[in-house]
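*Asks:* how does the following fold in three dimensions:
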Amino acid sequence: MSTEPAAVPERAVCVYCASSQSAHPEYRDAAFRLGEALAGRGITVVYGGGARGSMRALADGALAKGGRVIGVLPRFMADLEWGHPGLTELKLVEDMRTRKHLMLAGAHAAVALPGGCGTFEELLEAITLKRLGLFLGPIVLVNTRGYFQPLVEMLSRAVEERFMDERHALMWQIVAQPEEVPDAIERAPAWAAEFRSFAAV
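*Replies:* Numbering: from 1, shown residues only. Next up is the predicted model:
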């Protein structure tokens, strides 16, 4: 088990997802299928390292297809035995901030599955970093059961009310099925650090 930061493979996707085991089983099914879809394209999965809910389903799906899965887990969660025992690599970090940073660092895309406040925080931070030209990769939302529709409407409202530029709506893509994610990543509009020139509306 690695306790030091290590280089993230070139073809790696950071996935944000939930640990809830009480949510509708369709969410866990979608997570498992996303893991399968990414592994099937030879893409490494980087996620929060958990062993419950959609987090476990995602990892299990990728591992079932022979994929590489890297978990990033705070030490207090490891002490509580919340970590997935079968990952390719488990990185232990000191706190949640370091966890978020390492999950996204080196990833060529970020994907959000439905989740709670932690998932919202991670996703919105990725969008903010992209707006500032600090993260340039695709961001894809998997809209299982229409879960992200209210958030998408809120982001659209932010554009309409001129808190964000119209071009910022190109920062994320939305798919209905997890199998669509790899192609959505490939088709995502290019983003450049120079786009920070319109970060402030």
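*Asks:* counting contacts, what elements does the helix or strand of the chain with the lowest mean pLDDT pack onto?
*Replies:* Using mean pLDDT, DSSP states H and E, helix 75-79 stands out as the lowest-scoring helix or strand of the chain, at a mean of 86. Helices and strands touching helix 75-79, by 3 or more CB pairs under 8 Å, 6 or more residues apart in numbering; DSSP states H and E, are strand 89-93. Glycine gets a C-beta too; all of them are placed from N, C-alpha and C.
*Asks:* mind saving the C-alpha coords of the strand it packs on as PDB?
*Replies:* Extracted as PDB, the C-alpha positions of strand 89-93 are listed here (Å, rounded to 0.1, in the frame of the first residue of the first chain):
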ATOM      1  CA  GLU A  89      -3.100   1.100  -5.600                       C
ATOM      2  CA  LEU A  90      -4.300   2.900  -2.500                       C
ATOM      3  CA  LYS A  91      -2.800   6.300  -1.600                       C
ATOM      4  CA  LEU A  92      -3.200   7.400   2.000                       C
ATOM      5  CA  VAL A  93      -3.300  11.100   2.500                       C
END
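*Asks:* now find how far off-centre that strand is within its chain.
*Replies:* 17 Å (CA atoms, centre = their mean, to the nearest Å).
*Asks:* check which helices and strands that strand sits against.
*Replies:* strand 69-74, helix 75-79, helix 96-104.
*Asks:* and if we set it to 7 Å?
*Replies:* Applying 3 or more CB pairs under 7 Å, 6 or more residues apart in numbering; DSSP states H and E, one finds that strand 89-93 makes contact with strand 69-74, helix 96-104.
*Asks:* just say helix, strand or coil for the nearest residue to residue 171 once chain neighbours are set aside.
*Replies:* Nearest residue to residue 171 in three dimensions, chain neighbours excluded: residue 130, at 4.9 Å (CB to CB, 6 or more residues apart in numbering). Residue 130 falls in the helix class when you classify it by DSSP: H, G, I helix; E, B strand; the rest coil.
*Asks:* so residue 158 is in which element?
*Replies:* helix 149-160 (DSSP states H and E).
*Asks:* partners of the very next helix or strand once past that helix, with directions?
*Replies:* Remark: after helix 149-160, the chain's next helix or strand is strand 173-175, criterion DSSP H and E. Its sheet considered, strand 173-175 pairs with strand 139-142 (parallel) by DSSP bridges.
*Asks:* pLDDT at the spatially most distant residue from the centre of the chain, what is it?
*Replies:* In the chain, the residue that sits farthest from the middle, by CA atoms, centre = their mean, is residue 161; the gap is 27.2 Å. With respect to pLDDT, residue 161 scores 97.
*Asks:* and for residue 109?
*Replies:* Value for residue 109, per-residue pLDDT: 98.
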